[in-house]
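Quick one, what's the 3D model for this:
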Amino acid sequence: MEDLAFRDAVAAAIPRLRRLAYRVACSETDPDDLVQDTLERAWRSRVQFRADATVTTWLHRILINRAIDLCRPSRVAVTPLDVDTLASLMDFEVDDVDTVLARAADIAKLRAALSQLPDLERMVLALHDGEEWTASRIGEVCGLTTAAVHKRLQRGRIRLIRQLSGAEVSARRPSPQCRAARADALDYVDGRLDDGRRRQVEEHIRGCARCPSLVQALIGLRAALEDTPGSREPPEDVLRRLRNLP
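Reported below is the predicted structural model:
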């Protein structure tokens, strides 16, 4: 790709890069600085760009890798989870769903909560719920299988809601029916359940006093991740620096 065409393609990708940067950058990292760093690295290594990939996908990969590098000094230690631990992660109550949604709508509080997630969970959550990428495309960029993407997405959503709600594991364990419905709720939000399982989840939610708030929080969380300041047009100084790259 010629330099001029490459520069134009990069400039067109900046709004989406900013959206992603606002979701994946650690709280100590300025999102626009992360975007600028990505642009400079992409420009220096433009001869390595392969035409069989899109410029946007290539830029996303650079930004994600750089975000992970910048987060390493302050990385939060998280114990690896198995399926049983994921189930126990969901043993909490969303007492005030309005508070969770209000905090999710506050970009500073949302970024602070996102920064507490493991790196790959944060990246997967940002790309899937924020950018509406498919699991297979996320796996390609992050080096994960499709199944691994879905697992990290599920865990990331639950961890994020717990961060936003300040909830701890409940002393009162959910019933087996609640646990089954909550596990399916993660796929319910994505429309990945067959009709029979979808009806079972909806029937349980209608009759349960504890689970509807969690499902409402899951749905509201996706809306919050889709709407961040990064979706605005890029600042003029970012565009100017791009035009002045050697």
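
For V94, which three-state class applies?
Three-state call for V94 (DSSP: H, G, I helix; E, B strand; the rest coil): coil.

for it, what are its contacts?
100, 161, 165, 167, 213-214, 216-217 (C-beta atoms under 8 Å, 6 or more residues apart in numbering). Placement of C-beta: from N, CA and C, glycine included.

For S175, what are phi and psi?
Main-chain dihedrals, S175, degrees, to the nearest 10: phi -70, psi 160.

circling back to that earlier point, most widely separated two among the contacts of V94?
A167 and Q216 (14.3 Å; C-beta to C-beta).

before we move on, back to that, please narrow the contacts of V94 to those residing in strands.
If you go by DSSP state E, the contacts of V94 have nothing in strands.

would TSV of these with neighbour count and pLDDT be doable?
TSV is the format used below for these (neighbours: other C-beta atoms under 10 Å; pLDDT from 0 to 100):
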residue	neighbour count	pLDDT
V100	28	90
I161	24	90
S165	22	86
A167	17	63
S213	20	86
L214	27	84
Q216	16	86
A217	25	88
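
just curious, which of these is nearest to R46?
I161 (40.1 Å).

I'd say the closest one and G220 touch.
No - using C-beta atoms under 8 Å, I161 is not in contact with G220, being 9.3 Å away.

Tell me the residues that contact both of those two, please.
V100.

what's the longest helix in the protein?
As assigned by DSSP state H, the longest helix anywhere in the chain is helix 3-24.

Now do it, average pLDDT.
Here helix 3-24 scores 86 as its mean pLDDT.

in the helix or strand following that helix, what counts as buried?
Proceeding N to C from helix 3-24, the next assigned helix or strand is helix 31-44, under DSSP states H and E. Within helix 31-44, the residues that count as buried by 16 or more other C-beta atoms under 10 Å are 31-32, 34-39, 42.

tell me the two of those that are most distant?
The most widely separated members of these, counting by C-beta to C-beta, are P31 and A42 (16.4 Å).

picking that back up, could you dump the contacts of V94 into JSON lines and include distance to E202?
Formatted as JSON lines, the contacts of V94 follow (distance: C-beta to C-beta, whole Å):
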{"residue": "V100", "distance to E202": "21"}
{"residue": "I161", "distance to E202": "20"}
{"residue": "S165", "distance to E202": "23"}
{"residue": "A167", "distance to E202": "24"}
{"residue": "S213", "distance to E202": "15"}
{"residue": "L214", "distance to E202": "14"}
{"residue": "Q216", "distance to E202": "13"}
{"residue": "A217", "distance to E202": "17"}
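
Of these, which belong to helices?
If you go by DSSP H, the contacts of V94 have 100, 161, 165, 213-214, 216-217 in helices.

I'd like to know how far V124 sits from G166.
23 Å (C-beta to C-beta, to the nearest Å).

Just want to know which of these two has more residues nearby.
V124 (30 against 13; other C-beta atoms under 10 Å).

Show me how the record splits the chain into domains.
As assigned by the TED database, the chain contains the domains 3-75, 83-227.

what separates stretch 153-166 from the chain centre, distance-wise?
Centre-to-centre, stretch 153-166 and its host chain are 11 Å apart (C-alpha atoms, centre = their mean, to the nearest Å).

for it, which positions count as buried?
153-165.

wait, which of those is closest to G196?
Q154 (20.6 Å).

what about the closest one, distance to G207?
24 Å.

Please apply the same query to L114.
L114 is 33 Å from G207, by C-beta to C-beta.

who has more neighbours, these two?
Per other C-beta under 10 Å, whichever of L114 and G207 has more neighbours is L114, with 25 against 10.

The spatially closest residue to that one that is not a sequence neighbour: neighbouring residues, count only.
Counting by C-beta to C-beta, 6 or more residues apart in numbering, L114 lies nearest to R122, which is 5.4 Å off, once chain neighbours are set aside. By the other C-beta under 10 Å criterion, the neighbourhood of R122 contains 26 residues.
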